[in-house]
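In: For reference, the sequence and a predicted model appear below.
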Amino acid sequence: MQELKLRKGPWAEEEDEQLAAAVAILGGRKWDALAKSSGLRRSGKSCRLRWMNYLRPDLKHGNITAEEEHLILELHEKWGNKWSKIAQRLPGRTDNEIKNYWRSNLKKKVLVLEKSNNSLSSECDTACPTSMDGESLLFNDGILGSSIESCDVPQSPYENRLIEWMSNCTPDITKIEHEDESWKFDYYHSEWISEDCTTNIWEFPLWDGE
DNA sequence: AAAAAGCGCAACCGCAACAAA
DNA sequence: TTTTGTTGCGGTTGCGCTTTT
């Protein structure tokens, strides 16, 4: 008996309904069995992915907020590309969503800022303060914006919009180090906080003792 | 106005870890 | 203990839409 060829590519609305019904009855486990018994011509793997990344009722379907962006940055700095681990700290967000967001937004943002910092440090040394009272303040968005303006470096419209966006958005990406490593800079409130500070601004703890 | 480039996102692929037989 | 099947993860791709030239 020849098996029906499995479907690939975008999911149709009927398939979504069929999958949701199957999960309601069989539960979100045993994806292979679910795929077969539901009549969907999809692999269990594909069903799982569709459910986890799109159909799950507890998913958020809006834009990533500034708080979430900040948390992603913090956690990515700490854990690297451990997207599923990062996603666990952002309820309603999927690893795929965070991964895509990082690739399309934050990575570029970080690279541009790093690149800007490098060029500024060589071309506009006087415009970029590098230290303040024992703290190594490499740059922040205000300094970056004004420094770039003060430099005679040609910019494309795209760069101008990017810089404008970076200047307006909060929190920004900065690289600030405190001489006491147990202190972290709270980008959201723009202040230094102690790592063992009991007042946590986040719904979820950033440091889990690892 | 049209072509090219950029972007965002859903989905696929390969691999490793885990569980069951 | 080994084999086989399933699940979960991270990287990558493809496609449609938007923006730029």
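Out: Received, thanks.
In: didn't A:Glu97 look like it was pressed against A:Asn53?
Out: Yes: in this structure, A:Glu97 is within contact of A:Asn53 by CB atoms under 8 Å, at 7.2 Å. To be clear about C-beta, it is placed using only N, CA and C from the backbone, and glycine gets the same treatment.
In: Settle it for me: which of the two has more neighbours?
Out: Remark: of A:Glu97 and A:Asn53, A:Glu97 carries more neighbours, 19 against 13, as counted by other CB atoms under 10 Å.
In: Reduced to three states, what does that one come out as?
Out: helix (DSSP: H, G, I helix; E, B strand; the rest coil).
In: Then A:Asn81?
Out: Classified using three-state DSSP, A:Asn81 is coil.
In: Counting neighbours, what do you get for it?
Out: A:Asn81 has 11 neighbouring residues, counting by other CB under 10 Å.
In: how close does the closest residue to it other than its chain neighbours sit to A:Arg7?
Out: Closest residue to A:Asn81 apart from its sequence neighbours, by CB to CB, 6 or more residues apart in numbering: A:Lys99 at 7.7 Å. Distance, A:Lys99 to A:Arg7, using CB to CB, to the nearest Å: 24 Å.
In: Excluding chain neighbours, what is closest to A:Trp83?
Out: Counting by CB to CB, 6+ apart, A:Asp95 is the residue found nearest to A:Trp83 once chain neighbours are left out, at 3.8 Å.
In: That neighbour: neighbouring residues, count only.
Out: Neighbours around A:Asp95, by other CB under 10 Å: 18.
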